[in-house]
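Asker: predicted model, plus sequence, below.
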Amino acid sequence: MPDETGLAMTVDELNELIISQFPDYAACRVAEVSATRLLLEADGEKLRTRPGGTISGPEQAGLTDLGAFLLINARIGRTLMALTSSMQVNFLSRPRPGLLRTEVRLAKLGSRLCVVLAELRDEPGGLVATATLTYSVPPPHQR
């Protein structure tokens, strides 16, 4: 159940969720969370790269997806059955290995669908990708 801040999970609980359920994302940690926003940081030195040293597109998409999943869990409580039903990613520039920050914002929290907007930035703060994600969430009685 969400507390007075509108959150059902803390930063520490979200980071434990990454460790226990997403071992491939060990380079990631939640830095901040509020009722409508989450900031995910990733050590880009530990992510897959393409020839030429750029962070791969699938890794970039995965960071936006993970951030959206974590924000939804922070709001409605731990539910591993929140599933991506739609994702559109726009790759804007070439991120190099280094600190990557993914900011996700809740656009709509419905009873069955959630829409999340994401921005991925490189270490200097340049916008490298944006994404819009829609998640299907189980009804409250099935969480």
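Answerer: Structure's in. What do you need?
Asker: please count neighbours and contacts with C-alpha atoms only from this point.
Answerer: Fine.
Asker: quick check: the gap between the spatially most central residue of the chain and residue 51.
Answerer: Nearest residue to the geometric centre of the chain (CA atoms, centre = their mean): residue 67, 0.7 Å. For residue 67, the distance to residue 51 equals 26 Å [CA to CA, to the nearest Å].
Asker: pull the contacting residues for residue 99.
Answerer: The contact partners of residue 99, taken as CA atoms under 8 Å, 6 or more residues apart in numbering, are 41, 42, 43, 44, 45, 122, 123.
Asker: tell me the phi and psi of the first one?
Answerer: Spelled out, that is residue 41. For residue 41, the backbone dihedrals are phi -110, psi 140 (criterion: degrees, to the nearest 10).
Asker: for it, which non-adjacent residue is closest in space?
Answerer: Leaving aside its sequence neighbours, residue 41 sits nearest to residue 101 (CA to CA, 6 or more residues apart in numbering; 4.6 Å).
Asker: tell me which element the one you found falls in.
Answerer: Residue 101 belongs to strand 99-109 when assigned by DSSP states H and E.
Asker: tabulate the CA atom coordinates of that strand in CSV.
Answerer: Output of strand 99-109 as CSV, limited to C-alpha atoms (Å, rounded to 0.1, in the frame of the first residue of the first chain):
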residue,chain,number,x,y,z
LEU,A,99,27.4,7.5,-16.1
LEU,A,100,24.0,7.3,-17.7
ARG,A,101,20.9,8.8,-16.0
THR,A,102,17.4,7.7,-16.9
GLU,A,103,14.6,9.9,-15.7
VAL,A,104,11.1,8.4,-15.9
ARG,A,105,7.9,10.2,-15.3
LEU,A,106,4.4,8.8,-14.7
ALA,A,107,2.1,10.3,-17.4
LYS,A,108,-0.9,8.1,-16.4
LEU,A,109,-1.5,5.6,-13.7
